[in-house]
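K.L.:
Here is the input, now give the coordinates:
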Amino acid sequence: MPAFTFDQILQQGVRQGKIPGLSRDSREWFRDTANKTTNVTPRQMIQNSKRLRGSVLVGNMYAFFYDPKMKKELPYYDRFPLVFPIEKAPNGFLGINMHYLPYILRAKLMDALYQLSTNQKFDATTRLDLSYQILKGASRFKPFKPTVKRYLTSHIRSRFLYIQPNEWDIALFLPVERFQKASKQQVFKDSKDAI
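P.N.:
Below you'll find the predicted structure:
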């Protein structure tokens, strides 16, 4: 999805008095509008070279193409993860792939994660103060369990598309997950069962 689509949704929301991330009403409006956006593909999103990064920072949101090392053994996997990295790991990082949750659980988890925002500006200075221990230790983050995945640098197939904090709710609900070997309905069911 080209950046102008993010911009269009943001501008439309601002015209209606919605401020990204600040109120539940605003978050729901951006999520609903993004979920109704059907003309978006991962390839269009990643072609926006102004937002591409060579590495990730813990607490920011990124989308990228991925080809897992153990894909033959996995029951399924997401070729276009939408991830909040939570910690560095040897040869890669550990992250929360929001695509593994049904939309309603994505919203609940994101609402809880907003409490870990470093500030309320929702600009380039905003990130989530994340760690695996924080997520594991608080019941309000319970839906994170099926989303934690390890990503190996050698299997990343694109640069990282940095998602600005004022666009998190839009990216969260764009229908761009690309599950292989199972339908998203099956993945969502398995995630709910795991929670």
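
K.L.:
host element of residue 57?
P.N.:
Assignment of secondary structure by DSSP states H and E places residue 57 within no helix or strand.

K.L.:
what about the helices in this structure?
P.N.:
3-15, 24-35, 42-46, 103-113, 132-137, 168-173, 184-194 (DSSP state H).

K.L.:
what's the first one packed up against?
P.N.:
With contacts defined as 3 or more CB pairs under 8 Å, 6 or more residues apart in numbering; DSSP states H and E, the secondary structure elements packing on helix 3-15 are helix 24-35, helix 168-173. Yep, even glycine has a C-beta here, placed from its N, CA and C like the rest.

K.L.:
For that helix, what does the pLDDT average out to?
P.N.:
On average, the pLDDT along helix 3-15 is 76.

K.L.:
what sits up against it?
P.N.:
With contacts defined as CB atoms under 8 Å, 6 or more residues apart in numbering, helix 3-15 is touched by 20, 26, 29-30, 33-34, 37, 40, 48, 50-51, 164, 166-167, 170-171.

K.L.:
which residues does residue 117 contact?
P.N.:
Residues near residue 117 by CB under 8 Å, 6+ apart: 21, 126, 127, 128, 129, 165.

K.L.:
beta partners of it?
P.N.:
residue 128 (DSSP bridges).

K.L.:
how close does it get to residue 28?
P.N.:
18 Å (CB to CB, to the nearest Å).

K.L.:
if we can go back for a sec, what's the least confident stretch among the helices of the chain?
P.N.:
helix 3-15 (a mean of 76).

K.L.:
Can you tell me which residue sits nearest the middle of this protein?
P.N.:
Centroid-nearest residue in the chain, with CA atoms, centre = their mean: residue 82, separated by 3.5 Å.

K.L.:
quick one on the thing from earlier: out of the contacts of helix 3-15, which end up buried?
P.N.:
Taking 16 or more other CB atoms under 10 Å as the criterion, what is buried in those is 20, 26, 29-30, 33-34, 37, 40, 48, 51, 164, 166-167, 170-171.

K.L.:
Residues in contact with the biggest strand by length in the chain: which ones?
P.N.:
When the chain is scanned for its longest strand (criterion: DSSP state E), the result is strand 82-89. Under the criterion CB under 8 Å, 6+ apart, residues 56-64, 93-99, 113, 128, 130-132, 135, 148-151, 163, 171-172, 176-177 lie in contact with strand 82-89.

K.L.:
what angle do that strand and helix 103-113 make?
P.N.:
50 degrees (axes from the mean of the first three to the mean of the last three CA atoms, to 10 degrees).

K.L.:
Which positions within strand 82-89 qualify as buried?
P.N.:
In terms of neighbour count (16+ other CB under 10 Å), strand 82-89 has its buried residues at 82, 83, 84, 85, 86.

K.L.:
Bridging across strands, which residues link to the third one?
P.N.:
By that I understand residue 84. residue 96.

K.L.:
mind starting the numbering at 440 from now?
P.N.:
Noted, 440 is the first residue going forward, which turns the last one into residue 523.

K.L.:
All set now, cheers.
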